[in-house]
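S.K.: Need coordinates for the below:
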Amino acid sequence: MLRLFVALDLPEDHRRRLYALRDPSWKARWATPDQFHLTLRFLGPVEEDLLPELTRTLAEIEAPAFELAPRGLMVLPSLTRPRVLAAAVDPVPELHALQAEIERRVVDLGFTPEDRPFRPHITLARLKQVPTAAVRSFLQRHRDFALTPFPVRAFHLYESHLHPDGARYEILHRFPLQP
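M.R.: Okay, the predicted model is just below:
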């Protein structure tokens with residue numbers, strides 16, 4: 001079984017800037033620069049023999065390239081129950097259209113439809129016992145957080161390898177977007 005997801009990669013400079021936000025005093029599992037990505041669809045455990053058909057289906061997607069700008073920070077599922085600290089992104093229509101097409105295609109392959117609405121974000125930390133007041137203070141300190149827009153020219157199929165010290169992600173396939 002392969003543990004798969006479809007995501008966008010980030011430029012190295014953006015990875016460094018996101019990593020610089022970490023607060024080592026928190027009881028949290030902070031993502032490392034090589035873990036930053038924007039998930040378009042988590043697929044979960046997938047039989048290896050389905051990989052060729054999945055790859056072919058994703059390769060058939062014709063979507064335009066676009067720009068994406070990380071802007072603002074958020075917590076999931078809510079500020080009253082902060083479990084994930086993340087960077088938000090500007091809600092560009094091309095991003096949502098690409099995600100919807102990926103969703104449609106994987107459901108056609110037999111994957112269970114996603115039951116939550118798509119909330120594009122880049123996970124920065126998984127929070128353990130961080131007081132809500134500390135999270136509010138962090139969000140206030142970084143209320144003007146924004147990175148420059150970057151070009152999105154492809155999306156990727158990743159495999160997630162789980163390890164005791166955190167997940168490691170490997171790009172299995174790159175799917176270019178139309179110029």
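S.K.: starting at the chain centroid, how far to the lowest-mean-pLDDT helix or strand in the chain?
M.R.: None of the helices or strands of the chain scores lower by mean pLDDT, DSSP states H and E than strand 28-30, at a mean of 94. When distances are taken as C-alpha atoms, centre = their mean, to the nearest Å, strand 28-30 is centred 16 Å away from the chain's centroid.
S.K.: where along this protein do the strands fall?
M.R.: 2-8, 28-30, 38-46, 66-68, 70-78, 81-89, 121-127, 150-152, 154-161, 168-176 (DSSP state E).
S.K.: Which residue would you name as the spatial centre of the chain?
M.R.: Centroid check for the chain by C-alpha atoms, centre = their mean gives Leu38 as the closest residue, at 2.3 Å.
S.K.: That one: what's it in contact with?
M.R.: Taking C-beta atoms under 8 Å, 6 or more residues apart in numbering, we find Leu38 in contact with Ala7, Leu8, Leu10, Leu68, Val89, Pro120, His121, Ile122. (Glycine included, C-beta is placed from N, CA and C.)
S.K.: quick revisit: so what are the sheet partners of the least confident helix or strand of the chain and their directions?
M.R.: strand 121-127 (antiparallel) (DSSP bridges).
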